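Engineer: here's my sequence, what's the structure:
(4 chains)
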There are 2 protein chains.
Amino acid sequence: MSPPKLSRREREKLRQRGEILEAAFELFAEKGYHNVCMHEIAEKSEFAIGTLYKFFQNKEDLYKALILEKRDIFDGALRQALKASHDEIKQLRNYVRKKTELFREHIAFIRLYLAESRGASFNLKSDLHDEIRRGYRDLLASLAGVFASGISQGRFNPIATPHRLALALDSTINAFFLFWIEDPENYPCPDEPDAVLDIFFTGLLAP
Amino acid sequence: MSPPKLSRREREKLRQRGEILEAAFELFAEKGYHNVCMHEIAEKSEFAIGTLYKFFQNKEDLYKALILEKRDIFDGALRQALKASHDEIKQLRNYVRKKTELFREHIAFIRLYLAESRGASFNLKSDLHDEIRRGYRDLLASLAGVFASGISQGRFNPIATPHRLALALDSTINAFFLFWIEDPENYPCPDEPDAVLDIFFTGLLAP
DNA sequence: TCATAATGTGACGCATCATTCACTTTTGTG
DNA sequence: CACAAAAGTGAATGATGCGTCACATTATGA
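Structural biologist: As a prediction, this is how the structure comes out:
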């Protein structure tokens, strides 16, 4: 998109910013927003507290940047997965497969992100929660598009609105993975996309 | 269960305790654990701060009592719904209907409860999160029992393990209602149990 | 080499808030 | 009524932690 016309100094600052975010991420992921203080982030990132405030207006700002920047990457990957085919069933498989991959490789972030996006999040008074919800709705709308297309083409039975189908699928995936994350022994990871998708493809009562 | 052999005084104390919990609940539901101070709870419940500590060891204890006692009531209602029939399909309908009713009538608590049970909750260091998860697993196991029974009787197709079916259904209900709570205009409340259940009964690809 | 700017520092000020406890008020009883 | 026990009170305490700013260090370039 934007040409990386950055001076050495600017690149250096960006790198430092990333290091702060990474250190902060590890702490937040382990203990949650309210149980991490700026002193700890300073310590872990090996900067002074004052320096943190050269990069971020305040603690909340730092946290927001952290969540939203990672969210954007994940979001992009999932949208990409949907675009990688024109066959609705393959689109769904790609989506589930990519989501599986992201969950497996970024457990800590997923936990933090879901804590922020599900239910009411009272961590911050800011608009982070709204921003996350907006993004999630957009993504769901893309997923709903797949169902809408499949239904209008007659490939899918119209058992619910596309939006509800998208919501049902996505929340089911999330639930499966949250259980897996919390207790992998008893709740194995559904590696194959069809482990989730079959629930929606084949009906409980279908003959 | 236990005979209510309580003196006038004891009943009075129990009532007061309930009033404190109710005042605290309204505050927590609006602002979250970390954004409510004991001073506010005292003010709203019209007791002195010191008095709160006659009823609860500390703030965390108060919060735990609040969440768990309400949770128990809801849990009981849902278990009851499952027991009200021996026909698996009716059991599922009863479950979904009762859950709809609870969501509709206790939006504020549901938000608080889901914030506590989903993803990682870092509000408290205590074992509240574990306790909630344990309870949720038990409830899911009961729901899974319905699917297990339906499958072994040949009434349901074995499209996934009973536990996964239970998880898929329950998380889908939760997701539908969370969207409804956040934006009732665009995401109407699925009043009819079959609005959710049809997704699982009828397959997308069934002939 | 030296002056100036840019960058980095962390002790401290200030606010918040959970919890305590010495005291006051109310209640129950002889 | 008198008086002891129980209930209720809220100012004071101490701990925590965000964010500031006067100063120190490093980079730049003349």
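
Engineer: drop to CA atoms for contacts and neighbour counts, all remaining ones
Structural biologist: Will do.

Engineer: leaving out the residues flanking it, which one is nearest to A:Trp102?
Structural biologist: Quick fix: residue A:102 is Leu, not Trp. A:Phe74 (7.4 Å; CA to CA, 6 or more residues apart in numbering or on different chains).

Engineer: show me what from chain A comes close to DNA strand D.
Structural biologist: A:9, A:34-39, A:49-50, A:53, A:57-60 (CA under 7 Å from any atom of the strand).

Engineer: for A:Gly145, what are its contacts?
Structural biologist: A:Pro162 (CA atoms under 8 Å, 6 or more residues apart in numbering or on different chains).

Engineer: what is the rounded mean pLDDT of the strand or helix carrying it?
Structural biologist: Secondary-structure element containing A:Gly145, defined by DSSP states H and E: helix A:128-152. Averaged over helix A:128-152, pLDDT sits at 96.

Engineer: repeat that for stretch A:27-34.
Structural biologist: The pLDDT scores in stretch A:27-34 average 92.

Engineer: need the contact partners of it.
Structural biologist: For stretch A:27-34, the surrounding residues in contact (CA under 8 Å, 6+ apart) are A:35-36, A:41, A:63, A:108-109, A:111-112, A:123, B:34, B:121-123.

Engineer: which of the residues of chain A next to DNA strand D sits closest to B:Leu197?
Structural biologist: Of all the residues of chain A next to DNA strand D, A:His34 has the smallest distance to B:Leu197: 39.2 Å, by CA to CA.

Engineer: ok, the closest one to A:Phe122 distance?
Structural biologist: For A:His34, the distance to A:Phe122 equals 10 Å [CA to CA, to the nearest Å].

Engineer: now the buried members of the residues of chain A next to DNA strand D.
Structural biologist: When the residues of chain A next to DNA strand D are checked for burial by 16 or more other CA atoms under 10 Å in any protein chain shown, the buried set is A:36, A:38, A:59-60.

Engineer: how about the CA coordinates for the helix or strand harbouring A:Trp180, as PDB?
Structural biologist: In this structure, A:Trp180 sits in helix A:162-182 according to DSSP H and E. Extracted in PDB, the C-alpha atoms of helix A:162-182 (Å, rounded to 0.1, in the frame of the first residue of the first chain):
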ATOM      1  CA  PRO A 162     -27.100 -16.100   6.000                       C
ATOM      2  CA  HIS A 163     -26.200 -13.900   8.900                       C
ATOM      3  CA  ARG A 164     -27.400 -16.400  11.400                       C
ATOM      4  CA  LEU A 165     -25.600 -19.300   9.600                       C
ATOM      5  CA  ALA A 166     -22.400 -17.300   9.700                       C
ATOM      6  CA  LEU A 167     -22.900 -16.500  13.400                       C
ATOM      7  CA  ALA A 168     -23.700 -20.200  14.200                       C
ATOM      8  CA  LEU A 169     -20.700 -21.500  12.400                       C
ATOM      9  CA  ASP A 170     -18.200 -18.900  13.800                       C
ATOM     10  CA  SER A 171     -19.400 -19.200  17.400                       C
ATOM     11  CA  THR A 172     -19.300 -22.900  17.200                       C
ATOM     12  CA  ILE A 173     -15.700 -22.800  16.000                       C
ATOM     13  CA  ASN A 174     -14.800 -20.400  18.700                       C
ATOM     14  CA  ALA A 175     -16.400 -22.600  21.300                       C
ATOM     15  CA  PHE A 176     -14.700 -25.800  20.100                       C
ATOM     16  CA  PHE A 177     -11.300 -24.100  20.300                       C
ATOM     17  CA  LEU A 178     -11.900 -22.400  23.700                       C
ATOM     18  CA  PHE A 179     -12.600 -25.800  25.200                       C
ATOM     19  CA  TRP A 180      -9.600 -27.200  23.500                       C
ATOM     20  CA  ILE A 181      -7.400 -24.400  24.800                       C
ATOM     21  CA  GLU A 182      -8.600 -24.800  28.300                       C
END
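
Engineer: let me know the average pLDDT across it.
Structural biologist: Averaging pLDDT along helix A:162-182 gives 95.

Engineer: one more: stretch A:110-120?
Structural biologist: 79.

Engineer: quick one: contacts of that stretch?
Structural biologist: With contacts defined as CA under 8 Å, 6+ apart, stretch A:110-120 is touched by A:28-29, A:32, A:67, A:71, A:103, A:121, A:129, A:132-133, A:178, B:111-112, B:114-115, B:118-121, B:178.

Engineer: output it as CSV - backbone C-alpha positions only.
Structural biologist: C-alpha atoms of stretch A:110-120 as CSV (Å, rounded to 0.1, in the frame of the first residue of the first chain):
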residue,chain,number,x,y,z
ILE,A,110,-7.0,-15.4,20.9
ARG,A,111,-7.8,-15.7,24.6
LEU,A,112,-7.2,-12.0,25.0
TYR,A,113,-9.1,-11.1,21.9
LEU,A,114,-12.1,-13.2,22.9
ALA,A,115,-12.1,-11.8,26.4
GLU,A,116,-12.3,-8.4,24.8
SER,A,117,-15.0,-9.2,22.2
ARG,A,118,-17.4,-11.5,24.0
GLY,A,119,-20.0,-10.4,26.3
ALA,A,120,-19.4,-7.1,28.0
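
Engineer: phi, psi of A:Thr202?
Structural biologist: The phi/psi pair for A:Thr202 (degrees, to the nearest 10) reads phi -100, psi 130.

Engineer: A:Phe122 too?
Structural biologist: Here is the backbone geometry of A:Phe122 (degrees, to the nearest 10): phi -110, psi 20.
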